[in-house]
Structures are given as structure tokens and as C-alpha cells.
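Visitor: coords please:
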Amino acid sequence: MSDTMPMSEARRYQQLRGHLSYLKLNDAAEALPRVLDQARAERMTLTTALEKLLEIEVEATQARKLSSRLRFARLPEPWTLNDFDFAAQPGVDEKLIRDLATLRFLDNASNVLLVGPPGVGKTMLAVALARSAVDAGHRVYFTTAAELAAKCHKAALEGRWSSIMRFFAGPRLLVIDELGYLPLPGDGASALFQVINQRYLKSSTILTTNVGIAKRTCSGEPVRGAAETSRVQADGETISVTASGIRAISC
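Guide: Numbering: from 1, shown residues only. Reported below is the predicted structural model:
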């Protein structure tokens, strides 16, 4: 800032910074000297300078909110769909995955079931879709099936069952990874079903699981995880992820 400002202008400047700080527009207050100098140098109109100042505050607020959503989401990796090598997977239905990335399934409270053996990219796709939802401003939460069961078991022992059910009902998108990779105790499987069931037709869930569970669910045989995958399949997209690609499947 110039040291030659008249005292009246200096007082107005201090008052303006004080007003911005009082309104908790701290990033705008910090940027005020720079924006005023830029406005003088470039002979900006008052409207242009004000828009520039508020743009800085808006962008900072958006960045803080995104950071908060990402912390809550607990995504294990910063993957996006740009990190998925569709060219290396000739069988991948990229159009289907890109359509899911538009997040229209959230508007319909539809679900996504990603099925396949370990190491073929189910978790990466689930995280990428979750990141798209976070970036779009939605509340997202990522957990493994085992972690969810453990949290519910602990909450039940502590008399917080209703609270934990409300917690898992809250996110617009819940990602449950690795169903079937580790055995769940009886109460864990029951808790998982209750979480999925209470979200049915209200909020979306992405579930990743292995091929065996999905096949036996489709065939109607009773198997651990069958109830959960059946509930997700009832109103959503089932996608088979294999070493040779990804395709939509139906029972």
C-alpha cells in the first residue's frame, strides 16, 4: 500500500478491513491491500475491484469446505477417474463409468455394486466416484465392511446404537469396500444389513465385493454378504470388474 494516502482514506481503509474481519471475510481482508493496489494500477472500476475481492473470499471458502468434506470422507487415496487407465482395460465400459461420474445416480438414490476378484480396480473406481461426489459438494464417507461392523459393534456395547445408525444414514454417498474379504461376526453382518437397508431408496451406497458372493447371490444360494448385495442390487447398477475389463451384469 502507498504511504501517501490522506488520513481520511487511511481511516476508511482501516474501517473496511475491520468490517471484512468482523464479517469473518478474513481472506478478503488479507487480500485487500493487494486488490486495491491492483485496482489503482489497472484502473479497475469499483465493481470490478469488489468482484475481485469477493472472488478471493469465495475461492478460499470453497477450498476450506472441500478440505473439510475430504477429511470427513476418509478416502484412502486421492484417486480420480483420470487415474484409471481405460486404454489398458479394453473391456472396460468407459461410457458406463463416465455416466456414473455424472452423479445422476445420487439424485435417484440408486446404488452401485462393483464385483470382481482382488486387484482389478474395484476400490479405485469406487474412490474415484466418491471423489467426484465430494468435489460436487456432497457429503461422502468411505469405510470397509470390517470397519463398519467394528464401529457398530463398539457402539452397541456403549449404548450408542441409534447414534451410529444415524451417522451411517447421513452421507449422501456411503462407500463400503471389501465385503467378503474378511469374515464378519453375526452381529457385524446384521449391522451391515441394517445400515444398507436404512439407506435404501433414500441415499446412495457403493459396495465392492468379490465375484463369489455376487454369483451365489444371483443364483439364490444363501451366502455371507448375500443379503447386503441383494439390497444394493435391488435398485442400482451392478458392474463386473475382472482382469479383462468391466461390464454391466444383471441377475
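Visitor: those helices in the protein, which residues are they?
Guide: For the chain, the helices defined by DSSP state H cover 7-22, 26-42, 46-73, 94-101, 104-107, 122-135, 145-157, 161-169, 186-199, 211-219, 226-233.
Visitor: mean confidence for the longest one?
Guide: Per-residue pLDDT over helix 46-73 has a mean of 97.
Visitor: closest one to Gly180 among the helices of the chain?
Guide: With Cβ to Cβ as the measure, helix 211-219 is the member of these nearest Gly180 (4.6 Å). No exception for glycine: its C-beta is placed from N, CA and C like everyone else's.
Visitor: so what's the residue count around Val134?
Guide: 20 (other Cβ atoms under 10 Å).
Visitor: and the pLDDT at it?
Guide: With respect to pLDDT, Val134 scores 98.
Visitor: ok, now how distant is it from Val58?
Guide: With distances taken as Cβ to Cβ, to the nearest Å, Val134 is found 18 Å from Val58.
Visitor: now Thr61: how far from Lys24?
Guide: Distance from Thr61 to Lys24, by Cβ to Cβ: 10 Å.
Visitor: more neighbours: which of these two?
Guide: Thr61 (14 against 11).
Visitor: and the gap between the closest residue to the more buried one other than its chain neighbours and Val58?
Guide: Among residues not flanking Thr61 along the chain, Asp27 sits closest, at 7.7 Å (Cβ to Cβ, 6 or more residues apart in numbering). Separation of Asp27 from Val58 (Cβ to Cβ): 9 Å.
Visitor: so for the two, which residue has more residues nearby?
Guide: Neighbour count, other Cβ under 10 Å: between Asp27 and Val58, Asp27 has more, with 18 against 14.
Visitor: my guess is that one contacts Glu57. True?
Guide: Yes: counting by Cβ atoms under 8 Å, Asp27 does reach Glu57; the two are 5.0 Å apart.
Visitor: rewinding a little: okay, the helices of the chain in TSV with distance to Val175 next?
Guide: Below are those laid out as TSV (distance: least, Cβ to Cβ, whole Å):
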stretch	distance to Val175
helix 7-22	39
helix 26-42	32
helix 46-73	8
helix 94-101	13
helix 104-107	12
helix 122-135	5
helix 145-157	10
helix 161-169	11
helix 186-199	12
helix 211-219	17
helix 226-233	12
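Visitor: and Ser244, what pLDDT?
Guide: 48.
Visitor: same check, this time on Gly186
Guide: Reported pLDDT for Gly186: 75.
Visitor: I'd like to know how many residues surround it.
Guide: 8.
Visitor: next one: the one 3 residues further on
Guide: By the criterion of other Cβ under 10 Å, Ala189 has 19 neighbours.
Visitor: any idea how far it lies from Ala149?
Guide: 7 Å.
Visitor: could I get the buried residue list for stretch 19-29?
Guide: 20, 25, 27-29 (16 or more other Cβ atoms under 10 Å).
Visitor: for those residues, which one is nearest Val115?
Guide: Nearest to Val115 out of the buried residues of stretch 19-29 is Asp27 (Cβ to Cβ; 45.2 Å).
Visitor: I appreciate the help and will end here.
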